[in-house]
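A.B. asks: Okay, sequence plus prediction incoming.
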Amino acid sequence: MKITLRYGRDGIDVELPDANVTDVLRQHPLSVLDQPEQAIRDALSEPIASPPLREIADGRDDACIVVSDITRPVPNAVILPPLLDTLDEAGIPAERVTILIATGLHRPATEAEVREICGEEVLGQGVQIVNHRATCDDEQVCLGETARGTPAIIDRAYMDADLTILTGLVEPHLMAGYSGGRKAICPGVAGRDTIMAFHGPQLLEPAEACAGNLADNPVHEEALAVADLAGGADFIVNVTLDEERAITGVFTGEMRAAHEAAMIRCEEQAKVVLDEPADIVVTSGGGYPLDLTLYQSTKGIVAAGMICRDGGTIIIAQQNAEGLGSPEFSHLICQADVHACIRDALHTGEICIDTWQLHVVEKVLRRCNVISVSELPPEDAARTPFEPAETVEEAVRRALAQHGTGARIAVVPEGPYVLACLASDPVGRLSVAEMLAQTTV
């Protein structure tokens, strides 16, 4: 059986044994928008639980539009022009609009990445484009603390704007249930101390802190709590995408209501339920831009862990053209004992930048073996807690030798863009609507 896994920009073709592949899990095909830019213009005029954007913007002095950084394939070149046109019609010209790139604690976007993030049309309109810099204290505003004690420290450019707009992609998120909505604020434009607390070990350790889950998920709850202290947003524009990155839905309006509608659409598209876990899961890091670094593409490992049996094997293809990731994550992932690192974090509560990404991967490594196929330098690949392999086919042969010739293989070509889950788990049993009905946040 030949299958193309999402890998880099072009994908990678792999040959898998027909007799062992029991499931190939893909997003459910939903209709795409024939005229996406027009659909966005229409959605700005007919939002969810909100007046039209033009009406909200009327009389405002300036605006801040938050966009995701290069690690998210948000179609900003389609989203931003209608937004800027609407603001201009309401009396806010491009010169009084700031586009704030929500880097969290990621590195700043380069000039080339800014062009890719925003699109050429936007760059020529005179808008100010800035990177959020979480470690620059004088660029943040402290707004108090959440009930859990997380400090709400938010970018001053966002807080000082007369009109605030969040944009983003809604997809399954390995910690917060779903991306989008409130996450553009926390951690997107939050200060360092907020981001560190938001990713603390006590929030990440519970089983509820996983993809697709909104019921009693402390990460989801804390993102909302911080966003609320920041005053939320005046308006949001979230989209869902199919496997080819085409827009399948546009959701605009009030932060909570529009985001909830987007999550329901995402679930309809991405959620695939298995009755039994697989012995072997073959997956990807999601392709470009998600698999640029090991830091980001480990999301594919975490997603696969939801359907891999205890003692099973996850095989991931992840290009990692830019290497391991930040210096902090590179050090963490190459430790001799990643389990001891997380045990210490849980005991002391002390973490450094990117410990959270190691934590969610370590939770999978407690149960499963991981074999990685990547373009990392061999010396780097050998230092990670994953077994390196030259090809996916080689990794499958090794896994079958361990688990037996009758082992069941599930394949997830799109990696973390598919919400693969088990019927016995809460994510498999409950819908987004049912989870939201059970929560009070």
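C.D. replies: Everything's here; your move.
A.B. asks: How many neighbouring residues does the closest residue to residue 96 other than its chain neighbours have?
C.D. replies: Among residues not flanking residue 96 along the chain, residue 62 sits closest, at 4.2 Å (Cβ to Cβ, 6 or more residues apart in numbering). All C-beta spots, glycine's among them, are computed from the backbone N, C-alpha and C. Neighbour count for residue 62, taken as other Cβ atoms under 10 Å: 16.
A.B. asks: Then residue 299?
C.D. replies: The burial count for residue 299: 28, using other Cβ under 10 Å.
A.B. asks: so it touches residue 414, yeah?
C.D. replies: No. In this structure, residue 299 is not within contact of residue 414 by Cβ atoms under 8 Å, at 11.4 Å.
A.B. asks: Find residues that contact each of those two.
C.D. replies: Here residue 299 and residue 414 share the contacting residues residue 286, scored by Cβ atoms under 8 Å, 6 or more residues apart in numbering.
A.B. asks: quick one, helices of the stretch 301-441 of the chain?
C.D. replies: 327-333, 338-348, 355-365, 378-383, 392-403, 426-429, 432-438 (DSSP state H, counting those that start in this stretch).
A.B. asks: mind putting those helices in a markdown table, mean pLDDT, distance to residue 250 and mean neighbour count included?
C.D. replies: Shown next, in a markdown table, are the helices of the stretch 301-441 of the chain (pLDDT from 0 to 100; distance: least, Cβ to Cβ, whole Å; neighbours: other Cβ atoms under 10 Å):
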| stretch | mean pLDDT | distance to residue 250 | mean neighbour count |
| --- | --- | --- | --- |
| helix 327-333 | 94 | 34 | 18 |
| helix 338-348 | 96 | 39 | 15 |
| helix 355-365 | 96 | 30 | 22 |
| helix 378-383 | 96 | 40 | 14 |
| helix 392-403 | 98 | 36 | 18 |
| helix 426-429 | 96 | 25 | 19 |
| helix 432-438 | 92 | 18 | 15 |
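A.B. asks: To residue 280, which of these lies closest?
C.D. replies: Across the helices of the stretch 301-441 of the chain, residue 280 has its closest neighbour in helix 392-403 (4.8 Å, Cβ to Cβ).
A.B. asks: circling back to that earlier point, which one of the helices of the stretch 301-441 of the chain lies nearest to residue 278?
C.D. replies: Closest among the helices of the stretch 301-441 of the chain, once you apply Cβ to Cβ, is helix 392-403, at 10.0 Å.
A.B. asks: That closest one packs against which elements?
C.D. replies: Helix 392-403 sits against strand 12-15, strand 278-284, strand 308-318, strand 369-374, with contacts defined as 3 or more Cβ pairs under 8 Å, 6 or more residues apart in numbering; DSSP states H and E.
A.B. asks: Just checking: what are the partner strands of the second one?
C.D. replies: Sheet pairing of strand 278-284 (DSSP bridges) gives strand 308-318 (parallel), strand 409-412 (parallel).
A.B. asks: Point out where the chain drops to low pLDDT.
C.D. replies: 440-441 (pLDDT under 70).
A.B. asks: coming back round to it: for the strands paired with strand 278-284, give me JSON lines that also has mean neighbour count.
C.D. replies: Converted to JSON lines, the strands paired with strand 278-284 look like this (neighbours: other Cβ atoms under 10 Å):
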{"stretch": "strand 308-318", "mean neighbour count": "24"}
{"stretch": "strand 409-412", "mean neighbour count": "26"}
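A.B. asks: Now tabulate these in JSON lines and tack on distance to residue 357.
C.D. replies: Below are these laid out as JSON lines (distance: least, Cβ to Cβ, whole Å):
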{"stretch": "strand 308-318", "distance to residue 357": "13"}
{"stretch": "strand 409-412", "distance to residue 357": "20"}
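A.B. asks: can you tell me which of these comes nearest to residue 363?
C.D. replies: strand 308-318 (12.2 Å).
A.B. asks: Could you find the closest non-adjacent residue to residue 183?
C.D. replies: For residue 183, the closest residue by Cβ to Cβ, 6+ apart turns out to be residue 223, at 5.5 Å.
A.B. asks: list the contacts for that neighbour?
C.D. replies: Applying Cβ under 8 Å, 6+ apart, the residues near residue 223 are 176, 182-183, 185-187, 198.
A.B. asks: Relative to the whole chain's centre, how far out is stretch 38-45?
C.D. replies: 25 Å (Cα atoms, centre = their mean, to the nearest Å).
A.B. asks: Pull out the buried positions in that stretch.
C.D. replies: For stretch 38-45, the neighbour count (16 or more other Cβ atoms under 10 Å) marks 39-41, 43-44 as buried.
A.B. asks: Include secondary structure and distance to residue 91 when you put the residues you listed into JSON lines, please.
C.D. replies: Converted to JSON lines, these look like this (DSSP: H, G, I helix; E, B strand; the rest coil; distance: Cβ to Cβ, whole Å):
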{"residue": "39", "secondary structure": "helix", "distance to residue 91": "25"}
{"residue": "40", "secondary structure": "helix", "distance to residue 91": "20"}
{"residue": "41", "secondary structure": "helix", "distance to residue 91": "18"}
{"residue": "43", "secondary structure": "helix", "distance to residue 91": "21"}
{"residue": "44", "secondary structure": "helix", "distance to residue 91": "15"}
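A.B. asks: one step back: ok, which of the helices and strands packed on helix 392-403 comes nearest residue 238?
C.D. replies: Residue 238 lies closest, by Cβ to Cβ, to one member of these: strand 278-284, at 24.1 Å.
A.B. asks: Need the contact partners of the closest one.
C.D. replies: Against strand 278-284 from outside (Cβ under 8 Å, 6+ apart): 3, 5-7, 12, 14, 16, 20, 22-23, 291, 297, 300-301, 303-304, 307-309, 312-318, 392, 396, 399-400, 403, 407-415.
A.B. asks: if we go to 6 Å?
C.D. replies: Applying Cβ atoms under 6 Å, 6 or more residues apart in numbering, the contact partners of strand 278-284 are 5-7, 300, 304, 307-308, 312-317, 399, 403, 407-412, 415.
A.B. asks: what's the angle between that strand and helix 392-403?
C.D. replies: 160 degrees (axes from the mean of the first three to the mean of the last three Cα atoms, to 10 degrees).
A.B. asks: How far off centre is strand 278-284?
C.D. replies: Distance, centroid of strand 278-284 to centroid of chain: 20 Å (Cα atoms, centre = their mean).
A.B. asks: Please apply the same query to stretch 172-184.
C.D. replies: When C-alpha coordinates are averaged (Cα atoms, centre = their mean), stretch 172-184 and its chain have centres 6 Å apart.
A.B. asks: tell me the SS of residue 133?
C.D. replies: Look at residue 133: counting by DSSP: H, G, I helix; E, B strand; the rest coil, its state is coil.
A.B. asks: Understood, closing this out.
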